[in-house]
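Visitor: got a predicted model here, sequence first, then my questions.
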Amino acid sequence: MTAKGIRIQGLRKRYGSGDTAVDALKTVDMHVAPGEVVGLIGPSGSGKTTLLKCLGAVIEPTAGKMILGDDVIYDDGWKVKDLRALRRDRIGFVFQAPYLIPFLDVTDNVALLPMLAGMPNTEARKRAIELFKALDVEHRAKAMPSQLSGGEQQRVAIARGLVNRPPVILADEPTAPLDSERALAVIRILNDMAQKFETAIIVVTHDEKIIPTFKRIYHIRDGVTYEEEGEGRGFE
Amino acid sequence: MHSWGKFVFTGMGLGLLIGITLSMAGIYRGMVDDAKVLLDNSGADLWVVQKDTLGPYAESSSIYDDIWRGVRSMPGVKRAANITYLTMQVGKKDGDVRAMVTGVTPGEPGTPGWPPYLVAGRQITRSHYEAVADIASGFKLGERIQVRRNQYTVVGLTRRMVSSNGDPMVFIPLKDAQEAQFLKDNDAIREQRRRTAENPVFNRPGVPGLLDAVIASQSTNPYVNAVLVRVETGHDPEVVAESIRRWKRLTVYTRSQMEEILVGKLIATSARQIFMFLVILSIVSSAIVAFIIYTLTLGKIREIAVLKLIGTKNRTIVGLIMQQSIALGLIGFVVGKISATLLMAPIFPKYVLLQPLDSVMGFIAVVMICVLSSIIAIRAALRVDPAEAIGG
Amino acid sequence: MKRLPFQKRTLALIAVLVPLLALFVYVALRSGPLAPVSVVLATVENKGLSPALFGIGTIEARYTYKIGPTFAGRVKRLDVHVGERVKAGQVLGEMDPVDLDERIRAQDATLKRASAQLNEAQARKDYAQTQALRYDQLLKAHSTSEEVVATKQQDLLVTEAGLTAAREELSRVRAERKALEAQRSNLSLIAPVDGLVVSRDADPGTTVVAGQAVVELIDPNTLWVNVRFDQIRVQGLAAGLSARITLRSQAGKLQAGRVLRVEPLADAVTEETLAKVVFDQIPDPMPPIGELAEVTITLSTLTEAPVIPNAAIHHIDGRLGVWQVINSDLRFTPVSLGIADLEGRVQVQEGLKIGDQVVAYSENALNKRSRIHVVDHIPGVTQ
C-alpha cells in the first residue's frame, strides 16, 4: 500500500459557542508527501498544539478535511469509527520525552503496539529489533528503559513511533532537551527513517539547531498556516 | 531500576503487616488448640465437678475425694479418677515458673488425667515426690523442683500439655497435690494452731486430746477439683452423664460441653479482641495497598496518556494497573507468610498455630484486596485524556 | 490468541510463585497435621525386674508412756527435763498432797477413837458376861427370877454384838488410813521403764485432772517408722522384707531396716496400707519423733521376662497397649501387663515378643494414620 502522505484542507477548530467562541484554528492547509520531513513552527498560543491534537485524532475538529494516504479520515466529521485503532496503526508519535513503560524492556515497549494490533509476539519483537538495528540501538534490546542513556531512549521512542509502519509520524519537540550534536543526530535519523519507510513526518519544533535542516516549513500564526521554503541544510 | 526497588521495598513493608495479620489468626487458632489439647490430653469422656460450677478449668470446683467411688459404680462408667488443678509458681534452682500443677491418681498409664504420651523419661511410679513436666516449663529430666513445701524430681517430659492459658502442666501424685493446694506455709499453720488453742471450746482441760484432734483435722485436705470419667465403649456419654447428674446430684459435663465452656466462655473475650485486630489490620492493609497503587498510578499519568494516545486499549491499561497491584500483593504475601512462620510464630510467648488453610484464605483475601484497591486507581486512569500527552 | 508482552514480568512472578508454592507444600507436609511425627523407639528386652515399694512415713516411738496422777491435783515438782534419760523406778516428780497429810492425821485421830470405842465395847461385854454368870448361879440357888436371868443374857448378847461392831469399825478406819497412805505414796510420778523424757505437759503449779499426762516417756530403742503405702502399689508387702529408709533431714543417706509388720487395719479414707518398719540400727543422734522419712522396700528379683518402658503404654479406644513398629509400619498392639518396678519398666505378659520395637516417645499423639519418622531423641528436648 503506497501511502500518499497526509493532506489537510481548510481545517477549523472552534472552542465554545456563541459570543465566547474562540477559533484556535481558523483555516489550516498542509500536505506532506511520503518520505518528507517538514517543520511546523509557531509561537505558543498559535494553535500549534491544537493542530497536533487534531492530526493525532485526539480531538475532533470543527470543520475541514483530513486525508491520510488514500483514506479520508475527517470530512466535517470523523469518517473513521475506531480512532484508537487509527492512532495505533496509522499514526506514529514521538514526544519530547521518551515516555517508555518502565517495567517492560525496550523491545517489549516497542513490540507492544503491533501486538495490540494482533501481530504474534515473536514477530512483533523481531520487527522491533529490526528497527533497533536501523537506529543503532540493537545492543540494548534486552535492557530496561532506565538502563539506557537519554539518547538511546529517544531512539527507542522513535522506533516505537515507526514500528507499525504508519504513513505519518507526528513528532512533538523531539530535540528540545538535547544538545546540538544529539539534536542533529535525531533529525538525521528521522530523515533516514522517512526515506526508508516512506513515511511523512511532521516535526513541531522551535529548536534553532534543527530548523535549518528542513526543506519545507509551515509557520502557524493565529490559527492559520503559511508555507515556506526551508534552508535544507545538512546534518553536521 | 530504582523504582523497581522502591516497589519491592513497599511490598516488603506491606508484607510485614500481612505477617502480623496471619500471626494474629495463628494466635487465635493456638488458643483454641490449647483448649482442645487440654481436653484431649485428660483422657476423659466426662468431667464431674462441684454442683453449679463451670469447673474445673473455667471456675474453681471442690468436691470430696471419695465421691469417685460412687461415680465409679454408676452403669456405663469404665474408670473414674480424682484430679486436682492449681496454677501456681513452681520453684527451680534460680527463679520459678508459672505452671498448672495437676494432681493425678496413682495407677497405671491410661488412668484418666495421666499424660497420654511422653517425649522423654517415664511416667510417675512412686506415690510421692515425683513429677512429669511439660518442656514448655524449661525443666529438664532429673531436675529438682519445688511445689509449696516439698521437692520433686522430674522423671518425665511431655510436649503440648498446657492449660487453656498456655501455662505448662506439671503432673504430681494426687496426695501431694492435695497437700499443696490447701496446706499453707508454716507461719500460717502456726497462727492457725495458736488460734485454735486459744479457743476454749477446743481446748478443754477435762478432755485431753481434743485440741490435738481438732488441729489434726485442720491439716488434712479431703477435697479434689474434679473426677474424670471414662465411659465404657458402646455407651453414650450424655446418657451416662445424665444418670450421674440425677443420682449423684453433681454437675457433669461431656466433652462437647467442656469445649463450649472453654472456647465459648474462657477464651471468648480474647477471641473477640483478636478478631477485631484482624478486621482492623485487614482494613489498614487494604487502605495501604489502595493508597500505594493510587499514588503509583498518579505518578504515571503522562505515561498512561501516552499509552492511550498511541493506541493502547483501556482494557490493557487496566490490566497493567491491576497486575501491578496484584504483584504488590503477592510480594507482600510472600514476605508476610515467611515472616510469620519463621520470625513471629517462634518468638511469640504463646502457641501460634499457622494452618495451611489460613494461609490459602489469606492469599485469596490479599489478592481480592489488591484487586478492589486498584479500582480507585483504575478509575483515575480511565479518566485520563490522551490529548494530554501532546503539548506541554 | 493475543499474548500481551508482560511475559517477562509474568515469568518473574511465576519464578517467585512456584518456589513459594513448593515451600508452602513442603511446610504443610512437614509441620501441619500431615507431617510425619518424630518418634523414639524402644526394644522389648528380656530383663529380671526388681520391683520395689515406695511409701512415706513418720518416725514414731513404739511405746509411749504418759505419766500422770490418778486424781485431780496440783503438780508440786518435776525433777526431769525433756531429753533426759531416766531409769525404771526413778522418781520423775511429785504432786502436791494439799490436804492429804491433814486427812491422814484426821484418820489417825479417828483410828484412836475407834480403838477407844473398842475398849469400851470390850469392857461392857466383860461386865455383861460377869453379870450373866452371876445371875445364872443365883438362878440355880433360886434367889432370882428367870426374867432377870433372861435380861442379863440379852445384855450379854448385845454387848457381844457391840464389841464386834467396834472391832469392825476399827478395821475400817485402819483400812481407810492405809488407802490414804497409798494415795500419799502415789503422789510420786515414777518411771515405769528405762526411757527418754519427750515432753513435760504440765509445769509445777499447774492443776491437772485425773488421767492427764504430766510427763511423757518413750523407749528410744523402740523407734519405728509408721509408713503409708498406696493401696494400688502394695503387692508383695510382707513382714520381714528389708527396707531402705531415708530421713528427710538426711536426704541421700540411706539407713537399713526391715518391715516389722503390716497393719491389719488400713486407712480407708486415704486408701493407704500401713506398715511398721524398724531400723536395723537406730541412727545416732536419734531422729526426732514425727520426722518424715521415705521408705523403699525392695522385693525379690523376678525371673527374666519381656519388659517395656512405661512411657510406651497407651490407652486407646478402651484398650491398653503399645504402638508397635513393624517394618516401618505403625500398629496398635493391645498388651496385658505384669509387675512394674520403680524405674518405669513393666513386664509384658501377652502381646509382644522380645526384640519387638515399640514407640517410647513421640512428638504428638499418634493415631492409626500417623506417619512416623524415627529419631534418636525428640527435637526440643535437651539431654
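Guide: It's in. These numbers come from a predicted model, not from an experiment. Residues are numbered from 1 along each chain as shown, chains lettered A, B, ... in the order given.

Visitor: and whichever residue of the stretch 151-300 of chain B sits closest to chain A, how many neighbours?
Guide: Nearest residue of the stretch 151-300 of chain B to chain A: residue B:300, at 8.2 Å (CB to the nearest CB). The way it works is simple: take the backbone N, C-alpha and C, and place the C-beta from them, glycine included. Neighbours of residue B:300 under the rule other CB atoms under 10 Å in any protein chain shown: 23.

Visitor: ok, it - contacts?
Guide: For residue B:300, the contact set (CB atoms under 8 Å, 6 or more residues apart in numbering or on different chains) is empty.

Visitor: and it, how far from residue A:101?
Guide: When distance is defined by CB to CB, to the nearest Å, residue B:300 is 9 Å away from residue A:101.

Visitor: next: residue C:373.
Guide: Taken as CB to CB, the span from residue C:373 to residue A:101 is 51 Å.

Visitor: repeat that for residue A:109.
Guide: In terms of CB to CB, residue A:109 sits 5 Å off from residue A:101.

Visitor: okay, the two: which has more neighbours?
Guide: Here residue A:109 and residue A:101 are compared on neighbour count by other CB under 10 Å; more neighbours surround residue A:109, at 25 against 21.

Visitor: quick one: residue A:24 and residue A:224 touch, right?
Guide: No. Under the criterion of CB atoms under 8 Å, residue A:24 makes no contact with residue A:224, lying 11.1 Å away.

Visitor: counting neighbours, go ahead and name the busier of the two.
Guide: residue A:24 (22 against 16).

Visitor: minimum distance to chain B, which residue of chain A gives it?
Guide: Closest point on chain A to chain B, by CB to the nearest CB, is residue A:88, at 2.4 Å.

Visitor: could you pull out the strands in the chain for me?
Guide: No chain in the question, so chain A it is. Using DSSP state E, the strands found in chain A span residues A:6-15, A:22-32, A:37-41, A:63-68, A:71-75, A:91-94, A:168-172, A:200-204, A:216-221, A:224-229.

Visitor: that's the wrong chain, I meant chain B
Guide: Using DSSP E, strands in chain B cover B:46-49, B:63-64, B:77-91, B:96-104, B:120-121, B:130-134, B:144-147, B:150-158, B:169-173, B:223-224, B:226-231, B:251-254.

Visitor: check which residues of the third one are buried.
Guide: If you call a residue buried by 16 or more other CB atoms under 10 Å in any protein chain shown, then strand B:77-91 has these buried ones: B:77, B:79-86, B:88, B:90.

Visitor: check the offset of that strand from the chain's centre.
Guide: Distance of strand B:77-91 from its chain centroid, counting by CA atoms, centre = their mean, to the nearest Å, is 19 Å.

Visitor: same question for stretch B:212-222.
Guide: The answer for stretch B:212-222 is 38 Å, by CA atoms, centre = their mean.

Visitor: touching it from outside, list them.
Guide: Contacts of stretch B:212-222 (CB under 8 Å, 6+ apart): B:64-66, B:178-179, B:181-183, B:189, B:192-193, B:196-197, B:202, C:269.

Visitor: quick revisit: now the strands of chain B as a markdown table including mean pLDDT and distance to chain A?
Guide: Formatted as a markdown table, those follow (pLDDT from 0 to 100; distance: least, CB to the nearest CB, whole Å):
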| stretch | mean pLDDT | distance to chain A |
| --- | --- | --- |
| strand B:46-49 | 93 | 62 |
| strand B:63-64 | 90 | 71 |
| strand B:77-91 | 91 | 57 |
| strand B:96-104 | 93 | 54 |
| strand B:120-121 | 92 | 55 |
| strand B:130-134 | 94 | 52 |
| strand B:144-147 | 92 | 61 |
| strand B:150-158 | 93 | 54 |
| strand B:169-173 | 94 | 55 |
| strand B:223-224 | 88 | 70 |
| strand B:226-231 | 92 | 64 |
| strand B:251-254 | 93 | 60 |
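
Visitor: so what's the residue of chain A closest to chain B up against?
Guide: Residue A:88 touches A:113, A:116-117, A:164, B:310-312, counting by CB under 8 Å, 6+ apart.

Visitor: try 10 Å
Guide: A:82, A:112-114, A:116-117, A:164, A:166, B:309-313 (CB atoms under 10 Å, 6 or more residues apart in numbering or on different chains).

Visitor: again with residue C:264
Guide: Residue C:264 makes contact with residue C:274 under the criterion CB under 10 Å, 6+ apart.

Visitor: what pairs with the closest residue to residue C:187 other than its chain neighbours across the strands?
Guide: In this structure, residue C:187 finds its nearest non-sequential neighbour in residue C:95, 4.4 Å apart by CB to CB, 6 or more residues apart in numbering or on different chains. Bridge pairing for residue C:95 (DSSP bridges) gives the partners residue C:75.

Visitor: rewinding a little: among the contacts of residue A:88, name the buried ones.
Guide: Buried among those (16+ other CB under 10 Å): A:112-114, A:116, A:164, A:166, B:309-312.

Visitor: okay, now the unreliable bits of chain A?
Guide: For chain A, applying pLDDT under 70 flags the ranges A:1-3, A:235-236.

Visitor: check whether the longest helix along it contacts chain B.
Guide: Longest helix in chain A by number of residues (criterion: DSSP state H): helix A:180-197. No. Applying CB under 10 Å from any CB of the partner chain, one finds helix A:180-197 separated from chain B by no less than 16.6 Å.

Visitor: which helices and strands sit right next to that helix?
Guide: strand A:37-41, strand A:91-94, helix A:121-135, helix A:150-162, strand A:168-172, strand A:200-204 (3 or more CB pairs under 10 Å, 6 or more residues apart in numbering or on different chains; DSSP states H and E).

Visitor: can you pull out the low-pLDDT segments for the stretch 251-392 of chain B?
Guide: The model of the stretch 251-392 of chain B has pLDDT under 70 over residues B:391-392.

Visitor: what's the neighbour count on the closest residue to residue B:202 other than its chain neighbours?
Guide: In space, and not counting its chain neighbours, residue B:202 is closest to residue B:214: 4.6 Å by CB to CB, 6+ apart. Residue B:214 has 16 neighbours, counted by other CB under 10 Å.

Visitor: could you do residue B:374 as well?
Guide: The local packing of residue B:374 (other CB under 10 Å) involves 27 other residues.

Visitor: likewise residue B:325?
Guide: Neighbours of residue B:325 using other CB under 10 Å come to 27.

Visitor: so it makes contact with residue B:293?
Guide: Yes. The pair residue B:325 / residue B:293 is scored as a contact, 4.7 Å apart, by CB atoms under 10 Å.

Visitor: name the residues contacting each of the two.
Guide: With CB under 10 Å, 6+ apart, residue B:325 and residue B:293 have common neighbours B:370, B:373-375, B:377-378.

Visitor: can you pull the contacts of the closest residue to residue C:380 other than its chain neighbours?
Guide: The spatially closest residue to residue C:380, leaving aside those adjacent along the chain, is residue B:135, at 5.9 Å (CB to CB, 6+ apart). The neighbourhood of residue B:135, defined by CB under 10 Å, 6+ apart, consists of B:119-120, B:157-161, B:168, C:378, C:380-382.

Visitor: who's the closest residue to chain B within the stretch 151-300 of chain C bridged to?
Guide: Among the residues of the stretch 151-300 of chain C, residue C:230 lies closest to chain B, at 4.3 Å counting by CB to the nearest CB. Residue C:230 has these beta-bridge partners by DSSP bridges: residue C:272.
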